[in-house]
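Trainee: Build me a model:
(2 chains)
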Amino acid sequence: MYLYVTTSGLNSFFIETGELANFALRFFKEVFKRPFEFKEFLRQCYNMGNRSLLLVGVTGFIIGLVFTLQSRPKMIELGAVAWLPSMVSISIIREIGPIITALICAGRIGSGIGAELGAMRVTEQIDAMDVSGTNPFKFLVVTRILATTLMIPILVIMSDAVALFGSFLIENFKGDVSFTLYFDEVFRALTYSDLIPSTIKTFFFGFAIGLVGCYKGYYCKHGTAGVGLTANAAVVEASMVVFIIDFASVLITDIFYSI
Amino acid sequence: MINSEVRKKMVIIKDLVKSYGEHRVLNGFNMELYEGETLVIMGKSGSGKSVMIKCLIGLESHDSGTITIMNKNLDKMDADTLNEIRTEVGFLFQGSALYDSMSVRENLEFPLRRHIGKFGELDDATPLVMEALESVGLPQTIELMPEELSGGMKRRIALARTLILKPKIILYDEPTTGLDPITSKEIVLLMKSIQDKYKTSSIVITHDVDCARFIADRMILLIDGINYITGTFAELSKSDDPKVSAFFKT
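Mentor: Numbering: from 1, shown residues only, chains lettered A, B, ... in the order given. Modelled structure (predicted):
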């Protein structure tokens, strides 16, 4: 019985992975075909970027504050408080900023896409697009995946900046460190090997969140009850994929810089 | 009654079979739709009526059999030909299927995006949108969102969206389901007036006997996955066959 459950679970995992890969392949086939739905792409960019701005900004700010507050006593104890801006900036730029923002976006944007497309599927709106001779994959899926791929890196950059500002506020309040001195230390610590890989991986995060959300929504089943499940599954699976991409990117970066 | 001997055949379905797993929904269904005719297909819920018209427009694939629309075999069509055919075939969905995120104007303009060439050079689609809205008696709703419309209004707007490409064939999937009797009657009258105005050929899927009585030139009863009986409303409603008469008992 246990073996059956394990093998059937593995089966569905591989089937779903294959279908997701097929969906991604279809995206790459459709993305270069005319007509380009530029207006819809901009609308999606606005929806995803503008409407996530506050949540991502507030989260980044609080992370910067809390991270600095919690690290400061230990750094004082070790006599390394002068290194705090460097440590905070490297941690935020390399890992915390991208991963936290991506997870928030998986929840905010991934579930939104899954629920929206799922509702369109069960209310036959996608079928209605199909019978009107418009390619719904191109109009709904391609535009959303492109929008997440572009907007999530922008949100991550903004979140990083706000987090560093939050960290500066604590340093300024507790240690009387000036804005110039703090950010001078931040930029002295950062190198291209911190910035480039962490920025590149955010494009993959964005692509994965859009892809999983669209895939789940586009093939939503089981009526209105299925829409909730779809939104939920979109968040869970997108978050998992984000972690896998993050792990892979760290490995690749490590190999690249050790050569 | 349509004289089927001299009329052009718009749709021919032969031996259509469609299964979902072990469950065979359509088991060799046959039908013909003639030019200018309104054909009503009745059957119990789950009998495969909606599946049949979804196969007809290519939304569902069929297992075997042939579907010919305006002399073109659906199975041998590439995607571009299928899209061309779809401009000639309108589909009114059971739940209206208006795009929630778009206004009424955008809903009606949407099918024109791909097929604007059908109407020659057209910078502004507003005249076409207004014409379609006037056909369904709702020109004042042009800037409203679907959530601001009643069920009957949604159905009318969906019909306007179907009409905007001036199709030769209209498929109605349970057009009166979920509407109150008065609104249902209004929709049926509207379908009739559209039929008279645009001279379209129509397939109406319904289990509303009043709708069928008013609109049908010819009827098919879909029972056990096949076209069980074909005839006019008067012929079928007088049938002694218990499977047939069950539909007409009130």
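
Trainee: okay, CA-based contacts and neighbour counts for the rest of this
Mentor: Fine.

Trainee: The longest helix belonging to chain A and chain B, any residue contact?
Mentor: Scanning chain A for the longest helix, with DSSP state H as the assignment, gives helix A:38-77. No. Helix A:38-77 stays clear of chain B (CA under 8 Å from any CA of the partner chain), getting no nearer than 11.3 Å.

Trainee: list the buried ones in that helix?
Mentor: Residues A:40-41, A:44-45, A:48-49, A:52-53, A:56-57, A:59-61, A:63-68, A:72, A:75 are the ones in helix A:38-77 that count as buried (16 or more other CA atoms under 10 Å in any protein chain shown).

Trainee: again, but for stretch B:185-194
Mentor: Buried-residue list, stretch B:185-194, by 16+ other CA under 10 Å: B:Lys185, B:Ile187, B:Val188, B:Leu190, B:Met191, B:Ile194.

Trainee: between those, which is closest to A:Phe187?
Mentor: Set against A:Phe187, the nearest of the buried residues of stretch B:185-194 by CA to CA is B:Ile187 (68.6 Å).

Trainee: Got the confidence number for that closest one?
Mentor: Note on B:Ile187: pLDDT of 89.

Trainee: hang on, it packs against B:Pro175?
Mentor: Yes. Between B:Ile187 and B:Pro175 a contact is recorded at 7.5 Å, counting by CA atoms under 8 Å.

Trainee: Just the element for A:Arg26, please.
Mentor: Assigned by DSSP states H and E, A:Arg26 belongs to helix A:2-31.

Trainee: That helix packs against which elements?
Mentor: Here helix A:2-31 touches helix A:192-218, going by 3 or more CA pairs under 8 Å, 6 or more residues apart in numbering or on different chains; DSSP states H and E.

Trainee: roughly how far out does the helix it packs on sit from the chain middle?
Mentor: With CA atoms, centre = their mean, to the nearest Å as the basis, helix A:192-218 stands 6 Å off its chain's centre.

Trainee: after that helix comes which helix or strand?
Mentor: helix A:223-258.

Trainee: okay, the angle between that next one and helix A:192-218?
Mentor: Helix A:223-258 runs at 160 degrees relative to helix A:192-218, counting by axes from the mean of the first three to the mean of the last three CA atoms, to 10 degrees.

Trainee: Check chain B for its longest helix and report it.
Mentor: Using DSSP H, we find that the single longest helix of chain B is helix B:181-198.

Trainee: which is the next helix or strand following that one?
Mentor: The helix or strand immediately downstream of helix B:181-198 is strand B:201-206, counting by DSSP H and E.

Trainee: Over to B:Pro90: give its phi and psi.
Mentor: No Pro there; residue B:90 is Gly. Per-residue torsions, B:Gly90: phi -90, psi 150 (degrees, to the nearest 10).

Trainee: nearest spatial neighbour of it, skipping sequence neighbours?
Mentor: B:Ile170 (4.5 Å; CA to CA, 6 or more residues apart in numbering or on different chains).

Trainee: Report how many residues lie close to that neighbour.
Mentor: Residue neighbour count, defined by other CA atoms under 10 Å in any protein chain shown, stands at 23 for B:Ile170.

Trainee: Could you list the contact residues of chain B toward chain A?
Mentor: B:57, B:59, B:82-84, B:86-87, B:90-91, B:93, B:95, B:97-99, B:111, B:113-115.

Trainee: quick one: pLDDT of B:Leu144?
Mentor: Per-residue pLDDT puts B:Leu144 at 94.

Trainee: Does anything pack onto the longest helix of chain B? Which helices or strands?
Mentor: Under the contact definition 3+ CA pairs under 8 Å, 6+ apart, helix B:181-198 sits against helix B:151-163, helix B:209-215.

Trainee: between it and helix B:151-163, how many degrees?
Mentor: Using the same axes, to 10 degrees: helix B:181-198 against helix B:151-163 is 20 degrees.

Trainee: Work out the gap between helix B:181-198 and the centre of the chain.
Mentor: 13 Å.

Trainee: Report the inter-axis angle for it versus strand B:201-206.
Mentor: Using the same axes, to 10 degrees: helix B:181-198 against strand B:201-206 is 170 degrees.

Trainee: Tell me which residue is most central in chain B.
Mentor: Geometric centre of chain B, nearest residue: B:Leu171, 1.3 Å, by CA atoms, centre = their mean.

Trainee: Surely it is in a strand?
Mentor: Yes. Assessed with DSSP: H, G, I helix; E, B strand; the rest coil, B:Leu171 lies in a strand.

Trainee: where in chain B is pLDDT low?
Mentor: Where chain B drops to pLDDT under 70, the residues are B:1-5, B:115-123, B:250.

Trainee: What are the boundaries of the helices in it?
Mentor: Going by DSSP H, chain B shows helices at B:49-56, B:79-88, B:104-115, B:126-135, B:151-163, B:181-198, B:209-215, B:233-237, B:242-248.

Trainee: Can you say which of the ones you listed is packed in most?
Mentor: Most buried of the helices of chain B, by mean neighbour count (mean count of other CA atoms under 10 Å in any protein chain shown): helix B:151-163, with a mean of 25.

Trainee: Please list the residues outside it that contact it.
Mentor: The contact list for helix B:151-163 (CA atoms under 8 Å, 6 or more residues apart in numbering or on different chains) reads B:90-93, B:95-98, B:104, B:107-108, B:111, B:132-133, B:135-136, B:138, B:146, B:170, B:175, B:179, B:183-184, B:187.

Trainee: Stretch A:151-162 now?
Mentor: A:45, A:48-49, A:53, A:56-57, A:59-61, A:64, A:92-93, A:97-98, A:101-102, A:105, A:199, A:202-203, A:205-206.

Trainee: ok, back up a step: which residues are in contact with the longest helix of chain B?
Mentor: Applying CA under 8 Å, 6+ apart, the contact partners of helix B:181-198 are B:36, B:135-136, B:152, B:155-156, B:166, B:175-177, B:200-202, B:211, B:214-215.

Trainee: neighbours around the residue nearest to A:Ser89 when sequence neighbours are not counted, how many?
Mentor: Closest residue to A:Ser89 apart from its sequence neighbours, by CA to CA, 6+ apart: A:Val186 at 5.8 Å. Other residues within reach of A:Val186, judged by other CA under 10 Å, total 20.

Trainee: buried sites along the helix or strand harbouring A:Val186?
Mentor: Here A:Val186 sits within helix A:179-189, counting by DSSP H and E. Neighbour counts over helix A:179-189 (16+ other CA under 10 Å) mark A:Tyr182, A:Phe183, A:Glu185, A:Val186, A:Ala189 as buried.
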